[in-house]
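# sequence and computational prediction follow.
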Amino acid sequence: MSPQVKRGRYDRWPMVVWLTLVWVLLWGHLTVANVLAGLVIGLLLVHFTPMPRVGFEGRVWLPGVVVLVARFVVDVLRASVQVSTQALRIGHHPHGAVIRVQLRSHSDLFLTLTAELCSLVPGSIVVEAHRLTGTLYVHVLDVDQAGGVDRAKLAVLEQERRVLSAFASDTELAEVGLPPRRGTRRGPQRNREVAA
């Protein structure tokens with residue numbers, strides 16, 4: 001048996017363990033029966049409904065990941081204060097809007113990461129994503145507080161820029177018109193696949 005076939009069978013165990021944990025949490029009791037049932041259900045789900053592979057040709061860049069996470073935490077904290085302040089203001093009616101943002105990258109992975117990070121920040125949620133055109137439609141709770149439509153669009157594009165800086169290859173950065181990262185070694189990119 002080839003190592004690639006062996007690896008294909010055993011690289012699904014983290015998902016099985018995760019599904020088992022979710023099963024036990026849903027039941028609310030840690031028992032042997034619940035763990036065994038979760039394992040069986042997890043194995044069946046992973047075997048009969050395999051997730052498609054998502055191509056990843058980029059490279060994880062630690063300084064970019066640190067900036068991405070730090071800025072995300074700041075955005076969540078700041079937006080939480082803004083949304084709670086709006087909720088407490090009597091007589092204030094926020095002017096919401098759905099804005100269309102054309103992303104620079106057409107990668108499904110980067111589009112998904114950008115959409116998820118934008119949706120997790122209070123006051124904005126992605127209502128639709130077009131993967132073929134790389135377009136996000138984002139609902140903004142209060143356009144005035146966001147600084148206007150252009151500023152709200154810029155915030156989404158900045159989120160995408162941080163995602164690309166953290167995970168894209170130098171080639172992908174050049175394709176979308178972003179400068180290469182400082183301090184990275186240039187070398188051949190290996191094509192890797194990660195489970196969705």
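Received the coordinates, thanks.
# tell me the domain ranges of this structure?
Listed by automatic domain parsing, the domain ranges of the chain are 3-50, 62-195.
# ok, now how distant is the most centrally placed residue in the chain from V127?
Centroid check for the chain by Cα atoms, centre = their mean gives L113 as the closest residue, at 2.5 Å. With distances taken as Cβ to Cβ, to the nearest Å, L113 is found 17 Å from V127. All C-beta spots, glycine's among them, are computed from the backbone N, C-alpha and C.
# just put the domains of the chain in TSV and tack on mean pLDDT.
As requested, those are arranged in TSV below (pLDDT from 0 to 100):
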stretch	mean pLDDT
domain 3-50	82
domain 62-195	87
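# pick the most deeply packed of these.
Neighbour counts (mean count of other Cβ atoms under 10 Å) averaged over each of the domains of the chain peak at domain 62-195, with a mean of 15.
# what about that one, distance to the chain center?
With Cα atoms, centre = their mean, to the nearest Å as the basis, domain 62-195 stands 9 Å off its chain's centre.
# R100 falls within a strand, correct?
Yes: judged by DSSP: H, G, I helix; E, B strand; the rest coil, R100 forms part of a strand.
# so it makes contact with Y137?
Yes: with contact defined as Cβ atoms under 8 Å, R100 and Y137 form a contacting pair (5.7 Å).
# quick one, helices of the chain?
3-10, 13-27, 32-48, 62-88, 108-120, 143-146, 149-167, 170-175 (DSSP state H).
# distance to T133 for those - can I get that in a markdown table?
Below are those laid out as a markdown table (distance: least, Cβ to Cβ, whole Å):
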| stretch | distance to T133 |
| --- | --- |
| helix 3-10 | 33 |
| helix 13-27 | 31 |
| helix 32-48 | 32 |
| helix 62-88 | 24 |
| helix 108-120 | 10 |
| helix 143-146 | 23 |
| helix 149-167 | 14 |
| helix 170-175 | 16 |
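# which one of the ones you listed lies nearest to H95?
helix 143-146 (5.3 Å; Cβ to Cβ).
# elements contacting the closest one?
Counting contacts by 3 or more Cβ pairs under 8 Å, 6 or more residues apart in numbering; DSSP states H and E, helix 143-146 is packed against helix 149-167.
# other residues contacting the helix it packs on?
Contact partners of helix 149-167, identified using Cβ atoms under 8 Å, 6 or more residues apart in numbering, comprise 56, 58-61, 64-65, 67-68, 71, 97, 99, 101, 103-105, 109-110, 113-114, 117-118, 124, 136, 138, 140, 143, 146, 172-173, 176, 178, 181.
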